[in-house]
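S.K.: Following is a predicted model, sequence given first.
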Amino acid sequence: MKTPKYILPIIIISQFCCTSLWFAGNGVMNDLVINFNLSSNALGHLTSVVQFGFISGTLVFALFTIADRFSPSKVFFISAFLGAIFNALLTIENQTFLSLLFFRFFTGFFLAGIYPVGMKIATDYYDKGLGKSLGFLVGALVLGTALPHLLKNIMQNFPWKSVIITTSFLSFLGGLLLVIIVKNGPYSIKSKELDLKACFSVFKNERFRKAAFGYFGHMWELYTFWAFVPILIQLYQNSHRNVNFNISLLSFCVISIGALACVLGGYLAEKYSTQKTAFSALLLSCICCLCCPIIFFISSEILFIIFLVFWGMVVIADSPLFSTLVAQNAPSKNKGTALTIVNCIGFTITIISLQAVTYLFDNINSYWIFLILAIGPIFGLLALKKSTLT
């Protein structure tokens, strides 16, 4: 059965719309700090609680094999709708830091029914060329993640709540679009019974385990880098006179350029193999981590921007490739669960990384703290070095 050409674009558009929820809080972080009298470390905590919500959601989804036992499109829609609701609740007046954490947690929780389930839907439709398909899909995630920064720049003459309301509307629209148009795919194998051990048994496969370890190393760096992009730009601006960046717009560009890298990586993977392309991207990203402290001492804003844009590309280019390797080496009936549990562990790692860098940033006045980001890529490279994956 030939997959209709409109399926992938619909999945991509839906993924883009719904994942705009992810960094919606980051896009208006300064407004949240001012309006609700938050402390300076709110960025790390509000970003981490979304990740923690996502982890909790993926753990629940994986343990109960939800994406494999129920219609993925319906799971996607329900998650998009509920995620939009909790995101919109940020606009309530007179909030406390605890209430903001609560709403961001549940936004992250329902993102667990969007990102990995979206990948599951793609694997149900595409057997050949899966890496390229997931490249487009993760590219949509990147654009969705970066979108709040662009919305903040476009809507700077409007109340900050406009950004939150817009992302919530987009999430509902994306979920509705997918559930109406995209049905169960031809490669979908429905699991008929609850298997609480499925999310653990998949790791018995050595090739699956190696692919997952590569992904975990990549995740140590990714979200901490994304969260700190505006801060990196601000730090450079503060240390160099006559430099005046549009931080929101530049942050959007640095993060969103990763979408192009995901698509390009998918095409390169078809030519040079998925594993080799993923290894190369992770290696380049590791080099960026090691060079990061040095770039602050170079008095060239153009070189600084080029460096950040390049890093923004290689930091995410391997993500769809690792997801492809995970999907290819997972049992067909538990593919959705495998993708979900790997996401769960990967995002747990992002919290540890984000909190570690946030703590060091708050307590140590040095650019060299960003070297800690290299730990993940080094681990991932070692995992991939001596393995041969399909």
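M.R.: Everything's here; your move. For clarity, every value in this text was computed on a predicted model and none was experimentally measured. Numbering: from 1, shown residues only.

S.K.: Can you list the helices and strands that the helix or strand hosting Thr47 packs against?
M.R.: For Thr47, the host element (DSSP states H and E) is helix 42-63. Applying 3 or more Cβ pairs under 8 Å, 6 or more residues apart in numbering; DSSP states H and E, we find helix 42-63 packed against helix 24-27, helix 29-35, helix 97-111, helix 115-125, helix 198-201, helix 206-239, helix 335-363. Where you see a C-beta, it was placed from the backbone N, CA and C, and this is true even at glycine.

S.K.: and these as JSON lines, adding distance to Phe252, mean neighbour count and mean pLDDT?
M.R.: Output for these, formatted as JSON lines (distance: least, Cβ to Cβ, whole Å; neighbours: other Cβ atoms under 10 Å; pLDDT from 0 to 100):
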{"stretch": "helix 24-27", "distance to Phe252": "9", "mean neighbour count": "27", "mean pLDDT": "83"}
{"stretch": "helix 29-35", "distance to Phe252": "14", "mean neighbour count": "17", "mean pLDDT": "82"}
{"stretch": "helix 97-111", "distance to Phe252": "20", "mean neighbour count": "21", "mean pLDDT": "93"}
{"stretch": "helix 115-125", "distance to Phe252": "20", "mean neighbour count": "27", "mean pLDDT": "85"}
{"stretch": "helix 198-201", "distance to Phe252": "35", "mean neighbour count": "18", "mean pLDDT": "64"}
{"stretch": "helix 206-239", "distance to Phe252": "9", "mean neighbour count": "22", "mean pLDDT": "90"}
{"stretch": "helix 335-363", "distance to Phe252": "20", "mean neighbour count": "22", "mean pLDDT": "84"}
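
S.K.: Touching, Val75 and Thr65? I think so.
M.R.: No - Val75 lies out of contact with Thr65 (Cβ atoms under 8 Å); the separation is 11.3 Å.

S.K.: And the contacts of stretch 299-306?
M.R.: Tyr236, His240, Val243, Phe245, Leu250, Ile295, Ile298 (Cβ atoms under 8 Å, 6 or more residues apart in numbering).

S.K.: what's the distance between the third one and Met29?
M.R.: With distances taken as Cβ to Cβ, to the nearest Å, Val243 is found 21 Å from Met29.

S.K.: Identify the residue spatially nearest to Lys385, adjacent ones excluded.
M.R.: The shortest distance from Lys385 to any non-neighbouring residue, by Cβ to Cβ, 6 or more residues apart in numbering, is to Phe279 (7.8 Å).

S.K.: In terms of helices and strands, where is that neighbour?
M.R.: helix 274-295.

S.K.: quick one, that helix and helix 206-239 angle?
M.R.: 20 degrees (axes from the mean of the first three to the mean of the last three Cα atoms, to 10 degrees).

S.K.: Which other helices and strands does helix 274-295 contact?
M.R.: helix 206-239, helix 247-272, helix 301-317, helix 319-328, helix 375-385.

S.K.: With Val142 as the reference, name the closest of the helices and strands packed on helix 42-63.
M.R.: For Val142, the closest of the helices and strands packed on helix 42-63 is helix 206-239, at 9.0 Å, according to Cβ to Cβ.

S.K.: returning to that earlier point: check the contacts of stretch 299-306 and tell me the two furthest apart.
M.R.: Leu250 and Ile298, at 16.8 Å, using Cβ to Cβ across these.

S.K.: Which of the two has more residues huddled nearby?
M.R.: Using other Cβ atoms under 10 Å as the criterion, Leu250 and Ile298 rank with Leu250 on top: 20 against 12.
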